[in-house]
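Fold the following.
(one chain, ligands or ions: 1)
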Amino acid sequence: MAQSPMYLNILMLPIQNLPFGIFSSTRNDTKRVGVALGDKVVDVAQLEALGYLDTLDFEPSDFKSEFLNAMMLRGKLAVRNLRNRIAELFEINNKTLQDNVEHFNLIVREAIECQLHLPIRVGDYTDFYSSEQHAFNVGCLFRDPDNALMPNWKHIPVGYHGRSSSIIVSGEPIHRPKGQKKPPTADVPVFGNCNLLDFELETAFVTFEGKPLGDSISTEEADEYIFGMALFNDWSARDIQGWEYVPLGPFLGKNFASCLAPWIVTLDALEPFRTAGPVQNPKVLPYLEYTGDKHIDINLNVLIQPENGTEVNVCNSNYKHMYWNMNQQLAHHTINGCNIKCGDLMGSGTISGPEEGMFGSMLEISWKGTKPFAMPDGTERKFIHDHDTVIMRGYAEKNGVRIGFGEVRTKVLPAK
Ligand code: MN
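A predicted model of the protein is given here:
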């Protein structure tokens, strides 16, 4: 026995998960494709170099790469075969690799010695607005409870095109943004630091290469174009956003940073956690209809850690609360012939559950600052303070198997 196989049973990253990321390690490796397994990282470039992937349809450069895009360009079936092959090699009774000490030590790294990088070269970034509770809450805060949802909301998975250049990986700090805003009491706008800095609890999905311009992807086909999901904190400057968004929507209040978790959990790994979505009433147009369970049960948390303080949980939500699922989002995105590309990123929109305690932004948690959140250190939060770290974690769990999403964390530094 080369190594204890006990790590296969570690809760968050069991062999049923096998998420993909990009890592480098203290062995002075260049960036390469890795797969997380327990407290280890499997070096997929080494697996390939040592011949363990010879029957698969990949080139060495697909794995010795700064991003997952080259591997993903091989398509869903190839990536599925790769993941299945890795599962086979690390299956507890398969001794081929596990008893080859030399190979095992070249291929398997301690996670603690690995640095994780932004996994995807994000082409286009689209952000949806698909949680009914979130849209309702925002409608209540900025309009009134009787007209909280806009007339289009239950007919269209509302979204906008974001910016990919400012998508960062977990661990990278951000500076408080500055900008133009108009306080409610002021007659004219002012320039200054964002005072209402907020997170948005989201997941994002990453796409494989889509269809040519002019073609559409149906709800039925959508799964075949989705590589996987990751935690996503879509940072927001509420005061900047509130002044600029009419009539064309989000701009500088949104594009200063969005933070992606380093591990992409494949859609294949999430299949066991499928669940039914809400009944959609009014009935959606035929191109948005779908069959089967297309929602996914993923527990989500948000924590705020003040400087030198402990983590404080401010939100428990779940992805299953979404009104619109990924299949509908992708079908809607492409129904006009818009082409999606390998490495596009689609944000879910803030994921708020139906009760207090399940709200996925400070805007909702503090109810626009009218209900400050009391922190155990005696301070309060209406929005995010300088030196706070915002952490999001998530997992799907069923029948004793837990598929972890790891975490996405960002520390807020003072404005530059
Ligand atoms: Mn968002």
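
Mean confidence (pLDDT) on the lengthiest helix in the chain, please.
For the chain, the longest helix by residue count, based on DSSP state H, is helix 76-89. Helix 76-89 comes out with an average pLDDT of 96.

what's the answer for stretch 378-386, then?
Model confidence over stretch 378-386, given as mean pLDDT, is 98.

Residues in contact with the longest helix of the chain: which ones?
Helix 76-89 has contacts (CB atoms under 8 Å, 6 or more residues apart in numbering) with 15, 18, 20, 35, 42, 44, 47, 52-53, 55-58, 71-72, 94, 96-98, 208, 224-225, 227, 266, 268-269. Yep, even glycine has a C-beta here, placed from its N, CA and C like the rest.

just the buried members of the residues you listed?
Buried by 16 or more other CB atoms under 10 Å: 15, 18, 20, 35, 42, 44, 47, 52-53, 56, 58, 71-72, 97-98, 208, 225, 227, 266, 268-269, out of these.

I'd like the list of those that fall within helices, please.
44, 47, 71-72, 97-98, 268-269.

Now render these as TSV, adding distance to residue 372 and pLDDT.
What follows is these, written out as TSV (distance: CB to CB, whole Å; pLDDT from 0 to 100):
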residue	distance to residue 372	pLDDT
44	47	98
47	51	97
71	46	98
72	43	98
97	54	94
98	53	90
268	43	96
269	39	96
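
Which of those lies at the shortest distance from residue 158?
Of all these, residue 158 sits closest to residue 72, with 27.2 Å by CB to CB.

wait, doesn't the closest one sit right on residue 226?
No. Counting by CB atoms under 8 Å, residue 72 does not reach residue 226; the two are 10.8 Å apart.

OK, contacts around whichever residue of the chain sits closest to the ion?
Of all residues in the chain, the one sitting closest to the ion is residue 234 (3.5 Å; CB to the ion). Taking CB under 8 Å, 6+ apart, we find residue 234 in contact with 127, 162, 199-200, 202, 254, 258, 347, 350.

Kindly report the same for residue 202.
Residue 202 makes contacts with 127, 231-234, 347-351, 360, as judged by CB under 8 Å, 6+ apart.

ok, and the closest non-adjacent residue to it?
Spatial nearest neighbour of residue 202, excluding adjacent residues (CB to CB, 6 or more residues apart in numbering): residue 232 at 4.3 Å.

follow-up on the earlier one: would JSON lines of the ones in helices among the buried ones among the contacts of helix 76-89 with distance to the ion be doable?
Formatted as JSON lines, these follow (distance: CB to the ion, whole Å):
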{"residue": "44", "distance to the ion": "31"}
{"residue": "47", "distance to the ion": "36"}
{"residue": "71", "distance to the ion": "27"}
{"residue": "72", "distance to the ion": "23"}
{"residue": "97", "distance to the ion": "41"}
{"residue": "98", "distance to the ion": "43"}
{"residue": "268", "distance to the ion": "26"}
{"residue": "269", "distance to the ion": "24"}
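
Those residues of the stretch 1-150 of the chain touching the ion, which are they?
Within the stretch 1-150 of the chain, the residues that sit near the ion (CB under 5 Å from the ion) are residue 127.

where does the stretch 1-150 of the chain dip in pLDDT?
Along the stretch 1-150 of the chain, the parts satisfying pLDDT under 70 run over 1-13.

Compute the first-to-last residue distance for stretch 282-299.
End-to-end span of stretch 282-299 (CA to CA, to the nearest Å): 28 Å.
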